[in-house]
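Participant: Structure of the sequence below:
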Amino acid sequence: MGGMGGGCGFLQSQQPPIIIVNGKSGDGSGGGGDEETGNGDDGGKTDDENDDNSKGFSSILLVSIIFVFIGSLLAFICVGKVYDVFEHSMENDYVSDYFVVNRQVALGIGAFATLCYCIAFMLAFYAGMKYKMKCKTKEKKQCCRDGLLIAAWVIFCLTSINNLIILILAFDEEARIYPEVALCAVIGSIAAWLFVFGWAEMTRRSG
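Facilitator: Got it, this is the predicted structure:
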(Lines give C-alpha, C1' and ligand atoms only; values in the text may rest on other atoms or scores of the structure.)
Protein backbone atom coordinates (compact mmCIF):
# COMPACT_ATOMS: atom_id res chain seq x y z
CA MET A 1 0.00 0.00 0.00
CA GLY A 2 2.83 2.28 0.84
CA GLY A 3 4.50 1.50 -2.49
CA MET A 4 1.31 2.06 -4.35
CA GLY A 5 0.70 5.23 -2.48
CA GLY A 6 4.19 6.39 -3.28
CA GLY A 7 3.64 5.50 -6.90
CA CYS A 8 0.41 7.41 -7.04
CA GLY A 9 2.02 10.33 -5.38
CA PHE A 10 4.83 10.23 -7.92
CA LEU A 11 2.40 10.17 -10.80
CA GLN A 12 0.36 12.98 -9.37
CA SER A 13 3.48 15.07 -8.85
CA GLN A 14 4.72 14.45 -12.39
CA GLN A 15 1.57 14.63 -14.54
CA PRO A 16 0.36 18.16 -13.68
CA PRO A 17 3.67 19.83 -14.63
CA ILE A 18 3.72 17.95 -17.95
CA ILE A 19 0.17 18.99 -18.78
CA ILE A 20 0.74 22.57 -17.74
CA VAL A 21 4.01 22.83 -19.66
CA ASN A 22 2.52 21.32 -22.81
CA GLY A 23 -0.59 23.47 -22.52
CA LYS A 24 1.19 26.79 -22.11
CA SER A 25 4.46 26.47 -23.94
CA GLY A 26 3.69 23.59 -26.31
CA ASP A 27 2.22 23.51 -29.80
CA GLY A 28 -1.36 24.18 -28.74
CA SER A 29 -0.88 27.40 -26.78
CA GLY A 30 2.07 28.76 -28.77
CA GLY A 31 0.45 28.05 -32.11
CA GLY A 32 -2.76 29.65 -31.01
CA GLY A 33 -0.91 32.73 -29.86
CA ASP A 34 0.94 33.01 -33.16
CA GLU A 35 -2.29 32.67 -35.13
CA GLU A 36 -4.02 35.37 -33.12
CA THR A 37 -1.05 37.69 -33.54
CA GLY A 38 -0.99 37.07 -37.28
CA ASN A 39 -4.69 37.73 -37.62
CA GLY A 40 -4.38 40.88 -35.60
CA ASP A 41 -1.58 42.17 -37.79
CA ASP A 42 -3.44 41.37 -41.01
CA GLY A 43 -6.57 43.00 -39.70
CA GLY A 44 -4.62 46.09 -38.71
CA LYS A 45 -3.12 46.39 -42.17
CA THR A 46 -6.50 46.03 -43.80
CA ASP A 47 -7.99 48.76 -41.65
CA ASP A 48 -5.10 51.08 -42.41
CA GLU A 49 -5.46 50.44 -46.12
CA ASN A 50 -9.19 51.14 -45.92
CA ASP A 51 -8.51 54.36 -44.04
CA ASP A 52 -5.97 55.45 -46.62
CA ASN A 53 -8.38 54.67 -49.45
CA SER A 54 -11.22 56.54 -47.77
CA LYS A 55 -9.07 59.60 -47.12
CA GLY A 56 -7.34 59.67 -50.50
CA PHE A 57 -8.39 62.11 -53.22
CA SER A 58 -10.80 60.31 -55.51
CA SER A 59 -10.19 60.08 -59.24
CA ILE A 60 -13.91 60.75 -59.69
CA LEU A 61 -13.42 64.25 -58.27
CA LEU A 62 -10.52 64.79 -60.67
CA VAL A 63 -12.75 63.90 -63.61
CA SER A 64 -15.38 66.25 -62.20
CA ILE A 65 -12.85 69.09 -62.15
CA ILE A 66 -11.98 68.41 -65.79
CA PHE A 67 -15.65 68.48 -66.81
CA VAL A 68 -16.35 71.73 -64.96
CA PHE A 69 -13.26 73.33 -66.56
CA ILE A 70 -14.41 72.35 -70.05
CA GLY A 71 -17.95 73.44 -69.29
CA SER A 72 -16.81 76.83 -67.98
CA LEU A 73 -14.65 77.44 -71.05
CA LEU A 74 -17.52 76.65 -73.40
CA ALA A 75 -20.01 78.57 -71.27
CA PHE A 76 -18.09 81.85 -71.45
CA ILE A 77 -17.71 81.42 -75.20
CA CYS A 78 -21.47 80.90 -75.34
CA VAL A 79 -22.07 84.10 -73.36
CA GLY A 80 -19.99 86.01 -75.91
CA LYS A 81 -22.00 84.55 -78.77
CA VAL A 82 -25.25 85.35 -76.99
CA TYR A 83 -24.11 88.96 -76.63
CA ASP A 84 -23.44 89.18 -80.39
CA VAL A 85 -26.83 87.67 -81.16
CA PHE A 86 -28.52 90.08 -78.76
CA GLU A 87 -26.86 93.10 -80.40
CA HIS A 88 -28.09 92.01 -83.82
CA SER A 89 -31.57 91.32 -82.50
CA MET A 90 -31.75 94.88 -81.17
CA GLU A 91 -31.25 96.02 -84.78
CA ASN A 92 -34.00 93.65 -85.97
CA ASP A 93 -31.43 91.70 -87.94
CA TYR A 94 -32.92 88.21 -87.92
CA VAL A 95 -32.07 87.22 -91.50
CA SER A 96 -28.33 87.80 -91.93
CA ASP A 97 -26.00 84.83 -92.05
CA TYR A 98 -23.94 86.23 -89.17
CA PHE A 99 -26.99 86.22 -86.89
CA VAL A 100 -28.11 82.74 -87.87
CA VAL A 101 -24.65 81.19 -87.53
CA ASN A 102 -23.92 82.81 -84.16
CA ARG A 103 -27.32 81.79 -82.84
CA GLN A 104 -26.77 78.16 -83.83
CA VAL A 105 -23.25 78.16 -82.42
CA ALA A 106 -24.46 79.67 -79.15
CA LEU A 107 -27.21 77.06 -78.92
CA GLY A 108 -24.85 74.13 -79.52
CA ILE A 109 -22.11 75.36 -77.19
CA GLY A 110 -24.59 76.26 -74.48
CA ALA A 111 -26.23 72.84 -74.58
CA PHE A 112 -22.86 71.06 -74.38
CA ALA A 113 -21.69 73.32 -71.54
CA THR A 114 -24.88 72.57 -69.62
CA LEU A 115 -24.28 68.85 -70.08
CA CYS A 116 -20.69 69.19 -68.81
CA TYR A 117 -21.89 71.04 -65.69
CA CYS A 118 -24.49 68.36 -64.97
CA ILE A 119 -21.95 65.57 -65.32
CA ALA A 120 -19.43 67.40 -63.12
CA PHE A 121 -22.06 68.02 -60.42
CA MET A 122 -23.23 64.40 -60.38
CA LEU A 123 -19.68 63.05 -60.28
CA ALA A 124 -18.80 65.26 -57.31
CA PHE A 125 -21.97 64.20 -55.52
CA TYR A 126 -21.23 60.53 -56.23
CA ALA A 127 -17.68 60.89 -54.88
CA GLY A 128 -19.02 62.50 -51.69
CA MET A 129 -21.49 59.67 -51.19
CA LYS A 130 -18.70 57.12 -51.59
CA TYR A 131 -16.67 58.91 -48.91
CA LYS A 132 -19.70 58.90 -46.65
CA MET A 133 -20.31 55.17 -47.14
CA LYS A 134 -16.65 54.33 -46.40
CA CYS A 135 -16.75 56.19 -43.12
CA LYS A 136 -17.16 53.50 -40.43
CA THR A 137 -17.50 55.73 -37.38
CA LYS A 138 -20.76 57.49 -36.69
CA GLU A 139 -20.26 61.22 -36.51
CA LYS A 140 -22.41 64.04 -35.37
CA LYS A 141 -24.19 66.07 -38.00
CA GLN A 142 -22.25 69.11 -39.13
CA CYS A 143 -24.38 72.11 -40.03
CA CYS A 144 -21.77 73.60 -42.34
CA ARG A 145 -21.26 70.40 -44.33
CA ASP A 146 -24.96 69.59 -44.60
CA GLY A 147 -25.70 73.21 -45.49
CA LEU A 148 -23.28 73.01 -48.41
CA LEU A 149 -25.09 69.97 -49.77
CA ILE A 150 -28.52 71.59 -49.43
CA ALA A 151 -27.32 74.82 -51.04
CA ALA A 152 -25.69 72.88 -53.86
CA TRP A 153 -28.89 71.05 -54.75
CA VAL A 154 -31.06 74.18 -54.49
CA ILE A 155 -28.77 76.20 -56.75
CA PHE A 156 -28.39 73.26 -59.14
CA CYS A 157 -32.16 72.87 -59.52
CA LEU A 158 -32.76 76.60 -60.03
CA THR A 159 -29.91 76.83 -62.53
CA SER A 160 -31.16 73.78 -64.42
CA ILE A 161 -34.59 75.38 -64.77
CA ASN A 162 -32.95 78.59 -66.02
CA ASN A 163 -30.84 76.65 -68.53
CA LEU A 164 -33.88 74.77 -69.77
CA ILE A 165 -35.79 78.03 -70.35
CA ILE A 166 -32.82 79.49 -72.24
CA LEU A 167 -32.56 76.42 -74.47
CA ILE A 168 -36.29 76.52 -75.23
CA LEU A 169 -36.14 80.21 -76.12
CA ALA A 170 -33.09 79.61 -78.30
CA PHE A 171 -35.22 77.64 -80.77
CA ASP A 172 -37.38 80.71 -81.36
CA GLU A 173 -35.60 82.93 -83.86
CA GLU A 174 -37.39 86.09 -82.75
CA ALA A 175 -36.88 85.54 -79.02
CA ARG A 176 -34.29 87.73 -77.35
CA ILE A 177 -31.98 86.09 -74.84
CA TYR A 178 -30.26 88.62 -72.63
CA PRO A 179 -26.54 88.01 -72.02
CA GLU A 180 -27.06 88.68 -68.31
CA VAL A 181 -29.43 85.71 -68.10
CA ALA A 182 -26.87 83.43 -69.74
CA LEU A 183 -24.14 84.75 -67.46
CA CYS A 184 -26.28 84.07 -64.38
CA ALA A 185 -26.75 80.51 -65.59
CA VAL A 186 -22.97 80.07 -65.87
CA ILE A 187 -22.33 81.55 -62.42
CA GLY A 188 -25.10 79.42 -60.90
CA SER A 189 -23.69 76.23 -62.42
CA ILE A 190 -20.20 76.98 -61.12
CA ALA A 191 -21.53 77.88 -57.66
CA ALA A 192 -23.56 74.66 -57.44
CA TRP A 193 -20.51 72.59 -58.36
CA LEU A 194 -18.30 74.44 -55.87
CA PHE A 195 -20.77 73.76 -53.06
CA VAL A 196 -21.08 70.05 -53.81
CA PHE A 197 -17.31 69.78 -54.27
CA GLY A 198 -16.77 71.43 -50.88
CA TRP A 199 -19.26 69.02 -49.32
CA ALA A 200 -17.41 66.05 -50.82
CA GLU A 201 -14.06 67.31 -49.55
CA MET A 202 -15.39 67.93 -46.04
CA THR A 203 -16.86 64.43 -46.04
CA ARG A 204 -13.53 62.97 -47.12
CA ARG A 205 -11.55 64.78 -44.42
CA SER A 206 -14.01 64.02 -41.67
CA GLY A 207 -13.95 60.31 -42.53
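Participant: Please report the distance of Ile77 from Ser89.
Facilitator: Applying C-beta to C-beta, to the nearest Å, the value for Ile77 to Ser89 is 19 Å. Every residue, glycine included, has its C-beta placed from N, CA and C.
Participant: mean confidence for the helix ranked longest in the chain?
Facilitator: Ranked by residue count under DSSP state H, the longest helix found in the chain is helix 97-134. Throughout helix 97-134, pLDDT has a mean value of 90.
Participant: same for the helix or strand following that helix, what does it pack against?
Facilitator: Next helix or strand after helix 97-134 toward the C-terminus (DSSP states H and E): helix 143-170. The helices and strands touching helix 143-170, judged by 3 or more C-beta pairs under 8 Å, 6 or more residues apart in numbering; DSSP states H and E, are helix 97-134, helix 179-206.
Participant: Could you count how many residues lie near Tyr98?
Facilitator: For Tyr98, the neighbour count with other C-beta atoms under 10 Å is 11.
Participant: buried sites along the one helix or strand Val79 maps to?
Facilitator: Per DSSP H and E: Val79 is located in helix 59-90. Buried residues in helix 59-90, counted by 16 or more other C-beta atoms under 10 Å: 60-61, 64, 67-68, 70-72, 74-75, 78-79, 81-86, 88-89.
Participant: what do you get for stretch 100-115?
Facilitator: By 16+ other C-beta under 10 Å, the buried positions in stretch 100-115 come out as Asn102, Arg103, Val105, Ala106, Leu107, Ile109, Gly110, Ala111, Ala113, Thr114.
Participant: now the angle between helix 97-134 and the helix holding Val79, please.
Facilitator: 160 degrees (axes from the mean of the first three to the mean of the last three C-alpha atoms, to 10 degrees).
Participant: any idea of the mean pLDDT for helix 59-90?
Facilitator: Here the average pLDDT along helix 59-90 is 91.
Participant: when you compare where the longest helix of the chain runs with where helix 179-206 runs, what's the angle?
Facilitator: Between helix 97-134 and helix 179-206, the angle comes out at 20 degrees (the same axes, to 10 degrees).
Participant: What helices and strands are in contact with helix 97-134?
Facilitator: Right, helix 97-134 is packed against helix 27-55, helix 59-90, helix 143-170, helix 179-206 by 3+ C-beta pairs under 8 Å, 6+ apart.
Participant: Out of these, which is the most enclosed?
Facilitator: Ranked by mean neighbour count, the helices and strands packed on helix 97-134 are led by helix 179-206 with a mean of 20 (mean count of other C-beta atoms under 10 Å).
Participant: how much does it deviate in direction from helix 143-170?
Facilitator: Interaxial angle of helix 179-206 relative to helix 143-170 (the same axes, to 10 degrees): 150 degrees.
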